[in-house]
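Chemist: Generate a structure from the sequence data that follows.
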Amino acid sequence: MALGAAVVGQFGQQFSRLVLSLYGSMGMGLMLVAMAFVTTQLWPTLGLIGGIGIFAAAIGIPMQTTIQEQTPPTMRGKVFGLQNNLVNIALSLPLVLASVAETFLGYRWSLEAWARW
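Modeler: Residues are numbered from 1 along each chain as shown. Below is the predicted model:
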């Protein structure tokens, strides 16, 4: 994602935010579909994960810039604080779900279920 942010920062002004978001969404979708076909190969999967990060930057940076521009100065603390909370929840939710599954279903079943998913 850092590489994508550098590319968007360097060349992103040449494109509209709509075009960047469209290409980012299409690229991310393409990377996810490709990952479905290389489930047992490490290096192609790692490359596709890197591609997901690059395309995620093409979506996230224009979106964040728009939010910053459109937010009134009196509401910025509330909006960015809420945004930070949502990111923290999104990052910790899989850990919570895994621990709940382990508690109720057992360690072995949880690992096998996550590996199959």
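Chemist: What residues sit buried inside stretch 16-35?
Modeler: Buried positions in stretch 16-35, judged by neighbour count with 16 or more other CB atoms under 10 Å: Leu20, Ser21, Gly24, Gly27, Met28, Met31, Met35. Bear in mind the C-beta positions are built from the backbone N, C-alpha and C, glycine included.
Chemist: And the fifth one, how far from Leu22?
Modeler: By that I understand Met28. Look at Met28 and Leu22: by CB to CB, to the nearest Å, they are 11 Å apart.
Chemist: So, low pLDDT: which residues of this protein?
Modeler: 107, 110-111, 113-117 (pLDDT under 70).
Chemist: who touches the most centrally placed residue in it in this structure?
Modeler: The centroid of the chain falls nearest to Ala56 when counting by CA atoms, centre = their mean (5.7 Å). The contact partners of Ala56, by CB atoms under 8 Å, 6 or more residues apart in numbering, come to Met1, Gly4, Gly24, Met28.
Chemist: closest to Pro44 among those?
Modeler: Met28 (16.4 Å; CB to CB).
Chemist: Could you list every helix and strand in contact with the strand or helix carrying Val100?
Modeler: Secondary structure assigned from DSSP states H and E places Val100 in helix 76-105. Counting contacts by 3 or more CB pairs under 8 Å, 6 or more residues apart in numbering; DSSP states H and E, helix 76-105 packs against helix 42-70, helix 107-116.
Chemist: Mind putting those into TSV with distance to Ala98?
Modeler: Converted to TSV, the helices and strands packed on helix 76-105 look like this (distance: least, CB to CB, whole Å):
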stretch	distance to Ala98
helix 42-70	20
helix 107-116	6
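Chemist: Tell me which of those helices sits most buried.
Modeler: helix 42-70 (a mean of 15; mean count of other CB atoms under 10 Å).
Chemist: what's the closest of the buried residues of stretch 16-35 to Gly51?
Modeler: Closest approach to Gly51 among the buried residues of stretch 16-35 (CB to CB): Met31, at 4.4 Å.
Chemist: ok, the closest one to Leu93 distance?
Modeler: Distance of Met31 to Leu93, given as CB to CB: 22 Å.
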